[in-house]
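Asker: Here's a sequence, model it:
(one chain, ligands or ions: 4)
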Amino acid sequence: MRDRRHSTCRLCANRCPVLVDVEEGRAVQVSGDPDAPLYRGYSCRRGRFLPQLLNDPSRLLRPMKRLPDGSFVPISSEQALDEVTVAVERLVAEHGPRSIALYCGTQSVQSPPAYGMGRSLLEELGSPMLFSANTIDQPGKHVAAGLHGYWMAPAQAFDRPEVILWIGINPLISYKGVPAGVPRDLLREVEERGGHTITVDPRRTETARLSSLHLQPAPGEDVAVVAGLLHVILAEELHDRGFVAENVDGLAALTAAVRPFTPDYVARRAGIAAEDIVTAARWFGTARRGYAVAGTGGNMSAARGTLLEYLILALDTICGHYLREGEVVAATGPLAPRPMFRAQASPPVTAYGFGETLRATGRRDSLAGLPTADLADEILFEGEGRVRALFNLGGNPVVAFPGQERTVRSMDALDLLVSFDVRMSQTARRSHYVFASTMCLEIPGIQTASSATVGYANGYTGHSASWAQYTPAVVERPPGSDLLEEWEVFFEIAKRLGLQISWAPRSPFRIGPPAQGEQPLPKLDMSRRPTHDEIIELWTQRARVPLETVKGHPHGGVFDPEEPVAVLPKEEGWQGRLRVGSAEMMQALADYQGGEAGQARDGLRLLNRRMIQVNSSYNLDRINRGITNNPLFMNPEDMANLGLEDDDEVDVVSEAGKVRALVKGDASVMTGTASMAHCFGEAPDTDLDVRVSGTPVSRLNAVDFPRDPYTGQPQMANIRITVHPVEPPRRTAAGRARGN
Ligand SMILES: Nc1nc2c(c(=O)[nH]1)N[C@H]1C(S)=C(S)[C@@H](COP(=O)(O)OP(=O)(O)OC[C@H]3O[C@@H](n4cnc5c(=O)[nH]c(N)nc54)[C@H](O)[C@@H]3O)O[C@H]1N2
Ligand SMILES: Nc1nc2c(c(=O)[nH]1)N[C@H]1C(S)=C(S)[C@@H](COP(=O)(O)OP(=O)(O)OC[C@H]3O[C@@H](n4cnc5c(=O)[nH]c(N)nc54)[C@H](O)[C@@H]3O)O[C@H]1N2
Ligand code: SF4
Ligand SMILES: [Mo]
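Answerer: Ligands and ions are numbered 1, 2, ... in the order given. Okay, here's the model as predicted:
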């Protein structure tokens, strides 16, 4: 008997509604749901291979415990929970609560109640040691927003843009920088409106190819490009003078700071045409609606993510790209309370350098969270307060954290490493306990547009309409499995420790202005483990659209408010203003301008990228079209100079280390650069067949690379490398390594 059910693919942030064919409780086929509004049947290959992912023989089906000889034995969930609880209790008694840390990886979102509950457990224990992937991603976004202030209504972003500026982001592959749905829709819409899309990326990406203009700067010089755009817009007075006069401080300081960034200077510094900067600036400055957004490229390629994100915010702000009084908000969260927006600014806040001080480096907390690049040192640095236990929730530090050698040493130095995973990842294989987690389709879930005043960053993520979908669990767990949802682990440990934790959903970093009047966190009744559905009910208690109504739309739906949500006027006497001329950011810009220019063009530079067929978190033979590894993509010209051909093995050497890789020619890669995806390969002590498991890029960067001074994020890409053929050159061209 085959049954067709509705659900949501949760493998990536696009959250596509899907149809799932189920036989005897197991998924046999998945396809996009043609009747889902907004998505209209869209899905990608990864989602369509969900049955293979769920039923893969390598899937972890029960908790594992590591024995002293390094081997693993399956144990029951009850035993794992009991033993982990005892270990935590002992560490807290002997070494204090700070010895316990939590890292939330990208897949911590698979179990939405988990990070709120994990965080609450940490707080109840009294430990401030909360880390997440955010600070090795784009943490400059949150700190920049704090230094700039927050508009108290949404940005225009996905709402009818006439211009989009994408900087080091590749929406057609990563689904970031465009609204959830069909990734090409917005591009097409802008085109139909006669507007422009501009992509800034050293690589001729899938997105660049479809854009109106592609600027191909030297890596690491995005600050110059954005400062150049600001220079032209301000010099030609294309900015929104009315909006700035009423709501923005610091324009004079900004104007002075970007004065040196003339199109000619930027052209020289970044290696692009001066006319292209002027064209992009005029398009951006004259459009009435639009947004600028950066991705991982610009944030990782120089230790300047905060400055870059600040200038990008300034660009949107001087162009007035925010919803104004009387405008109707297109996307409000149906499963959140009816929001209230005002056409006014919430002023800047303290954005970094507060809260917990890290022992080894002296760095402190920021709006983006504690710097994850310092976690290894917190574990390795002897003395009081040392981190001795780590809960690794849906992450894979061994291949994701910068500086693999130090990460591995730190993982091995822990008294207790507990991973939550669906397979024995590189980090799970070094853990003392691994909890086997459920996967999407096996658990219920809600998807909803967000009502947050300012989202993660203007135009980075979100919906273009008031979308919501509920899905129940639509498949059974694999027969004979002993799985726990990630949050259930936190609940059970808290309960065993006699602690009461909160169900409130809270992310590990801060989005939007400070909350007015902190409410005490709502707590769970610990006498009985709730169901996931009960938690969803708690979350949606005050929803604008009752959960039952959303459940009545199995394809998901767009739930516009009966009474449209319009932006209210500014409050009488309101003083708050956005700030585009922050003294420390202007100083940072001056320092950058005075610094060494064009240094990015010596030798070969390794850039980061993502690939469509795999995700850092999912890589199965059957969905990756035979590419189980992450090739070193190089321009064919650079390959020829080294006498290399497709699939040749090479050694890649950086200041931090050496790794084996396979090269692949790719004309979209700019000469003088190479490009490789992360989260592949093995730890240094594990035998590596590069053709099967790929290359650990994180062995080529290090935590002592330059750091962003505000977030502590190290430079993770734009790494100077040399490439050495492994075999003696078989072909004619010189086999000399580049960049020596
Ligand atoms: N298919 C797939 N999708 C994913 C993921 C995945 O692994 N696979 N991961 C998810 C996650 S965790 C994240 S954070 C997002 C990230 O989403 P994106 O930031 O869009 O990630 P990438 O596709 O790596 O795009 C980064 C781009 O930056 C460019 N770049 C590199 N250096 C520079 C530079 O110095 N300047 C400029 N301007 N560009 C530069 C690269 O060439 C690349 O095209 O993607 C998410 N989506
Ligand atoms: N050199 C370099 N380094 C980078 C980056 C880069 O571009 N270049 N990008 C950085 C970025 S943006 C990020 S976000 C980080 C990512 O860093 P991490 O989040 O630490 O790494 P992932 O590989 O995404 O780890 C996800 C883990 O979750 C597991 N998993 C999959 N599904 C589930 C599930 O349903 N439940 C549970 N519990 N686990 C599951 C996967 O098997 C995997 O082990 O890496 C960063 N590191
Ligand atoms: S992995 Fe593919 S199918 Fe799944 S949500 Fe993302 S885009 Fe949609
Ligand atoms: Mo990420």
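
Asker: how about the residue of the stretch 101-250 of the chain found nearest ligand 3, what does it touch?
Answerer: Residue nearest to ligand 3 within the stretch 101-250 of the chain (CB to the nearest ligand atom): Y175, separated by 5.8 Å. For glycine as for every other residue, the C-beta is placed from the backbone atoms N, C-alpha and C. Contact analysis of Y175 by CB atoms under 8 Å, 6 or more residues apart in numbering lists C12, A13, N14, P183.

Asker: Burial check on the nearest residue in space to it that is not next to it in sequence, number of neighbours?
Answerer: Distances taken as CB to CB, 6 or more residues apart in numbering place N14 nearest to Y175, at 4.4 Å, with adjacent residues excluded. Neighbour count for N14, taken as other CB atoms under 10 Å: 24.

Asker: Just the local confidence number for P684, please.
Answerer: The confidence metric pLDDT takes the value 89 at P684.

Asker: what do you get for P728?
Answerer: Note on P728: pLDDT of 61.

Asker: Thought L210 was touching R204, still the case?
Answerer: No - counting by CB atoms under 8 Å, L210 is not a contact partner of R204; they are 10.8 Å apart.

Asker: what about K570, distance to ligand 1?
Answerer: To ligand 1, K570 is 35 Å away according to CB to the nearest ligand atom, to the nearest Å.

Asker: Setting aside sequence neighbours, what's the nearest residue to that residue?
Answerer: The shortest distance from K570 to any non-neighbouring residue, by CB to CB, 6+ apart, is to Q344 (4.3 Å).

Asker: wait, doesn't the one you found sit right on L578?
Answerer: No - using CB under 8 Å, Q344 makes no contact with L578, being 9.8 Å away.

Asker: Comparing those two, which shows the higher neighbour count?
Answerer: Between Q344 and L578, counted using other CB under 10 Å, L578 has the larger neighbour count: 24 against 21.

Asker: need the contact list for that one.
Answerer: H148, G149, Y150, W151, N247, V248, D249, T317, A345, P347, P348.

Asker: tell me the phi and psi of the residue of the stretch 101-250 of the chain closest to ligand 3?
Answerer: Torsion angles at Y175 (phi, psi; degrees, to the nearest 10) stand at phi 60, psi 20.

Asker: Kindly report the same for A87.
Answerer: Torsion angles at A87 (phi, psi; degrees, to the nearest 10) stand at phi -60, psi -40.

Asker: same check, this time on L213
Answerer: Main-chain dihedrals, L213, degrees, to the nearest 10: phi -140, psi 140.

Asker: Now the helix-or-strand element of the chain with minimal mean pLDDT: buried residues?
Answerer: The weakest-scoring helix or strand in the chain, judged by mean pLDDT, DSSP states H and E, is helix 690-693 (a mean of 86). The neighbour-count check on helix 690-693 (16 or more other CB atoms under 10 Å) flags V690, S693 as buried.

Asker: Quickly check: the helix or strand that comes right after it near ligand 1 or not.
Answerer: Downstream of helix 690-693, the next assigned helix or strand under DSSP states H and E is strand 719-725. No - no part of strand 719-725 sits close enough to ligand 1 to count as contact by CB under 6 Å from any ligand atom; the gap is at least 10.3 Å.

Asker: Where does the stretch 451-600 of the chain get nearest to ligand 3, residue-wise?
Answerer: For the stretch 451-600 of the chain, CB to the nearest ligand atom, closest residue to ligand 3: Q469, 11.7 Å.

Asker: And for the chain?
Answerer: Nearest to ligand 3 in the chain, going by CB to the nearest ligand atom, is G47, at a distance of 2.3 Å.

Asker: Hmm, that residue is touching S7, no?
Answerer: No - here G47 lies out of contact with S7, judged by CB under 8 Å, at a distance of 10.3 Å.

Asker: Of the two, which one has the most company?
Answerer: The residue with more neighbours, out of G47 and S7, is S7; 28 against 23, by other CB under 10 Å.

Asker: which helices and strands does the strand or helix carrying that one pack with?
Answerer: Using DSSP H and E, S7 sits in strand 2-8. Here strand 2-8 touches strand 17-23, strand 467-471, going by 3 or more CB pairs under 8 Å, 6 or more residues apart in numbering; DSSP states H and E.

Asker: If you count neighbours, what's buried in that strand?
Answerer: Residues R5, H6, S7, T8 are the ones in strand 2-8 that count as buried (16+ other CB under 10 Å).

Asker: What is the nearest of those to ligand 2?
Answerer: Closest approach between the buried residues of strand 2-8 and ligand 2, by CB to the nearest ligand atom: T8, at 13.3 Å.

Asker: Do you know the pLDDT at the closest one?
Answerer: According to the prediction, T8 has pLDDT 98.
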